[in-house]
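Peer 1: whatever this is, show me its structure:
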Amino acid sequence: MDELYFQTQINIGNVIKRKRSAMHLSQQQLSEGICSQPLISAIENGTYMPNALLLFQLCSRLQIDINETFFRQFPTNKFFNDLDSFCRNQDFNKMNEILKKMDYTLKEFNVPELQLLNFFKVTLAFRTHKGFKKSVLDLEQILNLSYYPGKRNISVEERLLLAQLGFFSRLNQNFIEAENFFNLALYNIYKVNTYSEHLNVVFLLYLITISVTQDFNAFKKNALKAITFISENKSHYLLSSIFYIIWQKGIETSHMQDAKRAHEQFILLDELFHEPLLNFS
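Peer 2: Alright, predicted model coming up:
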């Protein structure tokens, strides 16, 4: 398992141990009705990572503000900004350099940061064909640091990882599993309180996936929803890639008028923003 994963286990365990001690609770008292005392010990020692439901129960009993403590929103430090910039520009050598230089043992990541970092690592592995299988193995486990079935308030980082899982299921020809992952990734996405351009990536991965399985009219309907969502949030990121997919889908299915209009939009956006095409094909 990635060293970042273990570092997060230790951070969570330390927070729980400090708060439990401050409230003068024994491990047995904290565990009552939630889990076993040995499990509390393992969490505090950094040898066991609680799943999302268990973490919420422990934080509730300890009166820990879980959002403030573990779920800061959208890191803005240079490390993540550089990764995002190089990923957008498909400069995978620079991405690799940053990840190699980063001393994971000295930096404390919270859960969303760990999930976002894993998104970049899996993207890099997929595009460079280096260590891809290993990086995917950790994907679902890192997602489950905060996500659980039935969760309603899904973070941007969780949506990114769910979309990646859906996309990779599609690559393995498991279209039902892919649909299930994307249903989760897109759940209430139009009602998110805080917009992030990472949500554009979720839509792009979804459209690439359904371009294989849906007829043109159904695909076009979903593509227009994505375009509307991105445009209403005053973003252009990945719009050219989306119009490119519509253009190609239109040609493949002989919807030439739609293909022509999509091509015109693609050319216009390309001339305006010179954004690298991201089609993951």
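
Peer 1: am I right that residue 80 is in contact with residue 113?
Peer 2: Yes: using Cβ atoms under 8 Å, residue 80 is in contact with residue 113, at 7.3 Å. Placement of C-beta: from N, CA and C, glycine included.

Peer 1: looking at these two, which one has more neighbours?
Peer 2: Each of residue 80 and residue 113 has its neighbours counted (other Cβ atoms under 10 Å); residue 113 has more, 21 against 16.

Peer 1: in which helix or strand does that one reside?
Peer 2: Assessed by DSSP states H and E, residue 113 sits inside helix 111-128.

Peer 1: and residue 18, by the same measure?
Peer 2: Taking DSSP H and E as the criterion, residue 18 maps to helix 3-22.

Peer 1: quick one: the helix holding residue 113 to chain centroid distance?
Peer 2: In terms of Cα atoms, centre = their mean, to the nearest Å, the centre of helix 111-128 is set 8 Å apart from its chain centre.

Peer 1: what average pLDDT does that helix get?
Peer 2: For helix 111-128, mean pLDDT is 88.

Peer 1: if we can go back for a sec, any idea of the mean pLDDT in the helix holding residue 18?
Peer 2: Average pLDDT, helix 3-22: 71.

Peer 1: got a list of contacts for the helix or strand just after it?
Peer 2: As assigned by DSSP H and E, the chain's next helix or strand after helix 3-22 is helix 27-31. With contact meaning Cβ atoms under 8 Å, 6 or more residues apart in numbering, helix 27-31 is reached by 16, 20, 37, 39-41, 44, 58, 61-62.

Peer 1: buried sites along helix 27-31?
Peer 2: If you call a residue buried by 16 or more other Cβ atoms under 10 Å, then helix 27-31 has these buried ones: 27, 30-31.

Peer 1: got the CA coordinates for that helix in PDB?
Peer 2: Extracted C-alpha coordinates of helix 27-31, given in PDB (Å, rounded to 0.1, in the frame of the first residue of the first chain):
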ATOM      1  CA  GLN A  27     -10.500   3.100  24.800                       C
ATOM      2  CA  GLN A  28     -13.300   0.800  26.100                       C
ATOM      3  CA  GLN A  29     -15.600   3.800  26.800                       C
ATOM      4  CA  LEU A  30     -15.000   5.200  23.300                       C
ATOM      5  CA  SER A  31     -15.600   1.800  21.600                       C
END
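
Peer 1: start the count at 307, not 1, going forward
Peer 2: Understood, numbering begins at 307; the last thing we discussed is helix 333-337.

Peer 1: name the helices or strands packed onto whatever helix or strand comes next after that helix?
Peer 2: Using DSSP H and E, the next helix or strand after helix 333-337 towards the C-terminus is helix 343-350. Helix 343-350 is packed against helix 309-328, helix 333-337, with contacts defined by 3 or more Cβ pairs under 8 Å, 6 or more residues apart in numbering; DSSP states H and E.

Peer 1: who's in contact with helix 343-350?
Peer 2: 315, 318-320, 322-323, 326, 333-334, 336-337, 354-356, 364.

Peer 1: got it, and stretch 474-482?
Peer 2: Identification of contacts with stretch 474-482 by Cβ under 8 Å, 6+ apart yields 442, 445, 483-484, 487, 514-515, 518-519.

Peer 1: which one of those residues sits closest to residue 568?
Peer 2: Nearest to residue 568 among these: residue 514, at 14.7 Å, using Cβ to Cβ.

Peer 1: output the contacting helices and strands for the helix or strand where that closest one lies.
Peer 2: Here residue 514 sits within helix 504-519, counting by DSSP H and E. Applying 3+ Cβ pairs under 8 Å, 6+ apart, we find helix 504-519 packed against helix 462-477, helix 481-491, helix 522-538, helix 545-558.

Peer 1: please report the distance of the closest residue to residue 512 other than its chain neighbours from residue 465.
Peer 2: Using Cβ to Cβ, 6 or more residues apart in numbering and skipping the chain neighbours, the partner closest in space to residue 512 is residue 488 (5.0 Å). For residue 488, the distance to residue 465 equals 10 Å [Cβ to Cβ, to the nearest Å].
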